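1. mind folding the following:
(2 chains)
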Amino acid sequence: MEHSANYLGLIPLLPLTGALVIGLLHMMTCTGKPLPEKLYSTLACIGPLLSFFMALVVFFHLRDMAPEDRFLSHIAFTWFAIGDLHVDMGFLADPLSALMLIFVSFIGSLIHIYSIGYMAGDENYGKFFAYLNLFLGSMLILVLGNGPVVMFVGWEGVGLCSYLLISFYTKDTDNVLAGNKAFIVNRIGDLGFVLGMSFLFWAIGSGGFDYLSLKENTHLLTPGIGFAVCLLLFVGACGKSAQIPLYVWLPDAMAGPTPVSALIHAATMVTAGVYMVARFSFIYAHVPAAGTIVAWVGILTALLSAIFGMFQKDIKKILAYSTVSQLGYMFAGVGLAAYSAGIFHVFTHAFFKALLFLGAGSVIYALHHQQDIWKMGGLKKKMPTTYATMLIGALALAGCPPFSGFFSKDEILFSALASGHPGIWFIGVTVAGMTAYYTFRMIFLVFHGKPRDQEAYDHAHEPPPVMTVPLIILAAGAAFAGVLNLPGIFGGHMSVSHWLAPSLVEHHPHASVWVELFAMLASIAAVVVGITIAYKKFSQGAEEPVFTGFAKFGYHKFYVDEIYNAVFVQPYKAIGSLISRIFEPNVTDIHVKLSTWIYKKCGKGFKVLQVGYVRVYAIYMVIGLSLMSFFLSQSIN
Amino acid sequence: MHDFLSLLPLIIITAGAVLLMLLSTFEKTNVETASYISMGFYGVAFFVQLVIGCGPEVTIFDQTFNGMLVANNFSMAAGLVILGCGFFTSVSGHSYFKVNQFCTLEFYSIMMFASCGMILLTLAHELISAFIAIEIMSLAIYILVGYDRQNVKASEAILKYLMLGAFAGAFFTMGTALIFGAAGSTKFMAIAAALNMTGEISPLLLGGSFFILVALLFKVAAFPFHAWVIDVYDGAAAPVTGFMATALKTAAFALFANFLAMNNVMHSGWVTFLFYLAILTMFGGNLVAIGQDNIKRMLAASGIVHSGYLLIALVALNAEQFSGSVIAYYLAAYAVGTLGIFAALSYLSGEGERRADFADFKGLAKVHPYSAAAITVFLLSMAGIPPTAGFMGKFYIITSAFNEGQVTLAVLGVVSSILSMWYYLRLIINMYFHEATDTFEIQGTPLATAGTFALVFCVFAIALYPVVI
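-> The predicted structure follows:
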């Protein structure tokens, strides 16, 4: 039983309208005197905040219904209908999308508020907020869409906005290149998504191409096609959520303003891939083999990026690799059919990663765009709020009990062990230790010890409240969000898992309490080891080491970018230039030019006929008449 | 009552024409006032037509007119297009005649008389009344074409038009006579009944209807009766050309469709004939158009091509259940685009239309980006690029051709629309990809500019909400 709820359409529409209004205002005034920043920031924050309140309304509306009836839908209009393909611009809110809605709009709103302070004084202030609103609006479409096609609209929207925002400071070529890279790599993923979608439609789409109809028709899917669909969709997810082999864009995406990084990493964009796999859980449940591949790709990504993260010196890059690594966990979770665990990790991660990025933004803001952690130190005293909140974020990221990250990560690791994948579990635990190490390496280098750059240190100060308040709110979330899904072992009820259950097709592995306890203790041990090593090495003012051997290899990210460049980019460019130099002028151009030449000559010939004498025109008519009469007389006989 | 209401727009326009004629004797009224009055009358008539809306087919005052005039949805839609054309022509005339001072009050009066003839033509279901309507319309248009007596080109145009028009008019009367001889009546219903009796077209009827078709083909400038259209459009003032290209074509096609749709026998008898004519008209028109350097001449030639598309629609019409919606929609879409360009030309071309060639509009986009964008929209609509009205119009025509099994025509229609990109894009390239050498001062009043942007809105409005009546 579905209920219709007209206000669903408004949730993405509000930020999108904001984007339009702000964009038009900015365009009209961009050459003259800019409008006051207050106007832009007010306009920009209204949409996301209203969307958040409406997301809460959706949540309470759903909560009051019986668990198996929790569907709200709204069909705005028929988008197009060709043959069997009937696509509505429709929105669907179920427990999964409601959860996503709440934290996307909540964290999105906080980031909007934080940006008021961070972007103050920028000449393209209006443009920034227009993009930011568009970004959030697209993400909300993605989450709320009632079928793959509507999701794809949002999917492309966030891709576009990430491009626009990563290369926001267009004056620097590197930023533009980073934006290009993000866009191109995402396009490769999108190709997978489109192919997967097409296969899905071809196989079972004729009965309706929205999630509910697809879910009903899943049994018609043959295993082979199902496997292909799963893998192709996962390629799309790899692009958006930065998994091997398409993770390379995310670290470069740090070129954008820091609130954008927070938005990309926490609330929008990268979570889209995980959400998509969870959304299609009914298909992934149909072909478990595909899920295992997803899980392995995820956990290997987690390992690889954790290695990279240990050697970076740019504060944002460290966080970027930590995101890739955490996304790896999420995919391990959803790949092993522990969808609720994966989504819960998305949820907690959104809080602590937004917090860490915004905190890093505060540090960068305070140090006048210094991002090298080897040039920081001792900021604890200067920026106590930032320190405290970031410490909470770091503890959550590292997976320290009782912070939120611990519960969500532990649940994924536990389900890996319980479902019979000890390999994944072991790597996961190792990565947990590495995560703790590099996170606290960052915290110790930035906030503890002695200042390494005395001048920058002297000028450092706590940012304005408009930036610190969101930090505090997020810190509260990062600290306590784990309580929402407290496992039975701590007397909890797994509330989030129960909430999500109607949306997902999930098997809960059964394992004894001892296994659960063992998994928990192992990961706590790993975390403790990681933090201890970091404390020993970095808390007392270490100096920047010169990387050699493996560390150098890791610092240069195993030269993956260089390899991609040599293997894919350069040959592609070579083929392109070959075609443009040889094929194009000698083959295609000749045909095109020949046909235009003929056409032009014909035109010239006809122009001659237009002599301008009435008598000649009359003769044309007479000739025409005679020919037609002849034709007619033939047809009569 | 409905009889009277159906005639009400016609009565309003006639009243307006007479009123303007009377007002012109007063010294006080000037040309500007006259244009406002004519806008008012067209506007009122348009809304009356819109409010009356569609209804069942009505034979207007059957007793009085003896079934000569029939109002239906198609005539209503065609009437709307004609009235809209009149309105926007008055709007662009308002600013055009600020710059080119040859206008007198009677101009608008005569234009409204021409509209009377056109509206009558859409209603005519009888040959004599159709002939009278054609003559009312044509005589008025002749005067409008040669309104600027100082202009040699205009005088040349009126002479050519008049002579060839008389030539074609002779065919119409000849055809009427032959048909009357064969069917014993000039009413479409009676002719249809006669056709139904025999089941095929008798030679006398064939000859008669052939002559009628020739006259109509001349009016819509189908190949090979197209030659006049280029010189005449070139010679006339820009608003007049816009009016001719749109309203006159609408009226002529209304009669054409009504005549062919009178019954199945008539239509099927001419399908093959029209099939070849449609192809010739599209491609002939395209070839004429690419040779032109003057924008008005190009638009005249492209008008021939659009007549070709409309001929496709005539081939594909269903005489049994004729609604004319495809034709009416295409006419409206074409009218909006063409009127828009002529409205833009009327404030951009300057005194004595000194900017007339493609080359004269080089770099317009740098000086007047919004006007250039508007012209681009109109051109793209005429070329049939989504999401414009022109695209939807072509889409409906080609779909209707497919549904009637005329796949060849559908394919050739698409090919022809690709070829037509040549000359539409040529103007766009001139506007956007060259540096401005001209200052493009906008003369006249802002009314034409406003009209242009209103038409841009129409292009999208008609496309997004296709009210296929």
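2. strands along the chain, start to end?
-> Using chain A. All strands of chain A, identified by DSSP state E, fall at A:3-4, A:72-82, A:85-93.
3. not quite, go with chain B.
-> Using DSSP E, strands in chain B cover B:58-59, B:70-71.
4. ranking the ones you listed by burial, who's on top?
-> strand B:70-71 (a mean of 24; mean count of other Cβ atoms under 10 Å in any protein chain shown). C-beta coordinates here come from the backbone N, C-alpha and C atoms, glycine included.
5. that one - contacts with which helices or strands?
-> strand B:58-59 (3 or more Cβ pairs under 8 Å, 6 or more residues apart in numbering or on different chains; DSSP states H and E).
6. and residue A:6, how many neighbours?
-> Per other Cβ atoms under 10 Å in any protein chain shown, the neighbour tally for residue A:6 reads 11.
7. pull the longest helix from the chain.
-> In the absence of a named chain, this looks at chain A. Using DSSP state H, we find that the single longest helix of chain A is helix A:173-204.
8. let's do chain B instead
-> helix B:152-183.
9. list the buried residues for that helix?
-> B:154, B:156-162, B:164-165, B:167-169, B:171-172, B:174-176, B:178-180, B:182-183 (16 or more other Cβ atoms under 10 Å in any protein chain shown).
10. what's stretch B:337-345 in contact with?
-> B:84-85, B:88-89, B:91-92, B:238-239, B:241-242, B:245-246, B:295-296, B:299, B:303, B:353, B:371, B:374-375, B:377-379, B:381-382, B:388-390, B:448, B:451-452, B:455-456, B:458-459 (Cβ atoms under 8 Å, 6 or more residues apart in numbering or on different chains).
11. tell me if stretch A:585-602 is near chain B.
-> Yes. Counting by Cβ under 8 Å from any Cβ of the partner chain, contacts between stretch A:585-602 and chain B involve A:599, A:600, A:602.
12. residues near the spatially closest residue to the second one that is not a sequence neighbour, how many?
-> Spatially, and ignoring its direct neighbours in sequence, residue A:600 is nearest to residue B:290 (6.7 Å; Cβ to Cβ, 6 or more residues apart in numbering or on different chains). Neighbour count for residue B:290, taken as other Cβ under 10 Å: 22.
13. what's near enough to touch residue B:456?
-> B:340, B:374, B:377, B:378.
14. biggest separation within those residues, which pair?
-> B:340 and B:377 (7.5 Å; Cβ to Cβ).
15. residues contacting residue 123?
-> Picking chain A for this. residue A:34.
16. the chain in question should be chain B.
-> B:6, B:10, B:60, B:69, B:70, B:71, B:75.
17. would you check how far apart it and residue B:51 are?
-> Residue B:123 is 18 Å from residue B:51, where distance means Cβ to Cβ, to the nearest Å.
18. also residue B:262?
-> 29 Å.
19. for these two, indicate the residue with more neighbours.
-> Taking other Cβ under 10 Å, residue B:262 and residue B:51 do not tie; residue B:262 has more neighbours (22 against 9).
20. that one reaches residue B:193, doesn't it?
-> No. Residue B:262 is not in contact with residue B:193 according to Cβ atoms under 8 Å; the separation is 9.7 Å.
21. quick one on the thing from earlier: which helices and strands does the longest helix of chain B pack with?
-> Against helix B:152-183 (3+ Cβ pairs under 8 Å, 6+ apart) you get helix A:614-636, helix B:127-145, helix B:188-198, helix B:203-219, helix B:227-235.
22. next, format the ones you listed as JSON lines and append distance to residue A:497 and mean pLDDT.
-> Shown next, in JSON lines, are the helices and strands packed on helix B:152-183 (distance: least, Cβ to Cβ, whole Å; pLDDT from 0 to 100):
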{"stretch": "helix A:614-636", "distance to residue A:497": "80", "mean pLDDT": "85"}
{"stretch": "helix B:127-145", "distance to residue A:497": "78", "mean pLDDT": "93"}
{"stretch": "helix B:188-198", "distance to residue A:497": "76", "mean pLDDT": "86"}
{"stretch": "helix B:203-219", "distance to residue A:497": "76", "mean pLDDT": "90"}
{"stretch": "helix B:227-235", "distance to residue A:497": "75", "mean pLDDT": "89"}
